[in-house]
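Peer 1: What follows is a predicted structure for the sequence shown.
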Amino acid sequence: MAELLRVENIESSYGASQALFGISIEVGVGEVVTLLGRNGMGKTTTIRSIMGLMKPHAGEIYFKKQLITGEPSYKVAQAGIGLVPEGRQIFPNLSVHENLVATASNRSNLSHPWTVERIYSLFPALAVRQSNAGSQLSGGEQQMLAISRALMTNPDLLILDEATEGLAPLVRDDIWNVLEQLKSGGQSILVIDKNVDVLCRIADQHYIIEKGVVVWSGGSDNLQKDEELQHRYLGV
């Protein structure tokens, strides 16, 4: 499988407090890859380092074989990475439609790019609410909008930080179904979430992070059948 994202031995810190100690992960073209681990173990810091929201002080990050370590976040986004951040961070005063078109682009000149119409087909609830402000949406609708806004940039890689955290079960199911649709369409995805059973169903590769270090990586079959591993690193 062709390489899309390669993170090599990155170390990142918040001031004098080091958070990552040599993290290495890879995402191939068309793959769904997860970052797993308890809260505060370095998953979001890894995402922030990839996205240029913080600069690693060691290691390298390659995207489509181009070095992007330390590039500003807007250049990382322009390179083809779409982020669905923890907390959604939609534009609260813009309508659903305005949120979708505000940062939309088709830099790769795709013949079948994401459009507002395709988004409304993917998430019919947003079509109903397209004139409503972002602040008027439920938490689930805001997450749908955050995913859709990222898709409207037509990214090569979609990153979701806490994909379904705090959402109602039916909404979570909708989002998982959408991610499965995206995977079947060839979308590469890097996702953080806690629902191991669903992630094992849709993901190709998993990385478990503990205290800023990758302590395990492997496929869904090995993760699902290793209950002791899940209890040690993922249990509450």
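Peer 2: Sure thing, it's come through. Numbers count the residues shown, from 1 in each chain.

Peer 1: how is the protein carved up into domains?
Peer 2: According to the domain assignment given by automatic domain parsing, the chain is divided into the following structural domains: 1-80+157-172+186-236, 88-155.

Peer 1: For those domains, give me CSV that also has distance to residue 178, mean neighbour count and mean pLDDT.
Peer 2: All C-beta spots, glycine's among them, are computed from the backbone N, C-alpha and C. Listed next are the domains of the chain as CSV, based on distance: least, Cβ to Cβ, whole Å; neighbours: other Cβ atoms under 10 Å; pLDDT from 0 to 100:
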stretch, distance to residue 178, mean neighbour count, mean pLDDT
domain 1-80+157-172+186-236, 10, 17, 95
domain 88-155, 6, 17, 94
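
Peer 1: would you turn these into JSON lines with distance to residue 180?
Peer 2: As requested, those are exported to JSON lines (distance: least, Cβ to Cβ, whole Å):
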{"stretch": "domain 1-80+157-172+186-236", "distance to residue 180": "5"}
{"stretch": "domain 88-155", "distance to residue 180": "12"}
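
Peer 1: who wins for proximity to residue 179 among those?
Peer 2: Judged by Cβ to Cβ, the one of the domains of the chain that comes nearest to residue 179 is domain 1-80+157-172+186-236, at 6.0 Å.

Peer 1: Which stretches in the chain count as helices?
Peer 2: 43-50, 73-79, 96-102, 116-122, 124-128, 139-151, 169-184, 196-202, 220-225, 227-234 (DSSP state H).

Peer 1: Looking at these, which is nearest to residue 211?
Peer 2: Ranking the helices of the chain by proximity to residue 211 (Cβ to Cβ) places helix 227-234 first, at 10.3 Å.
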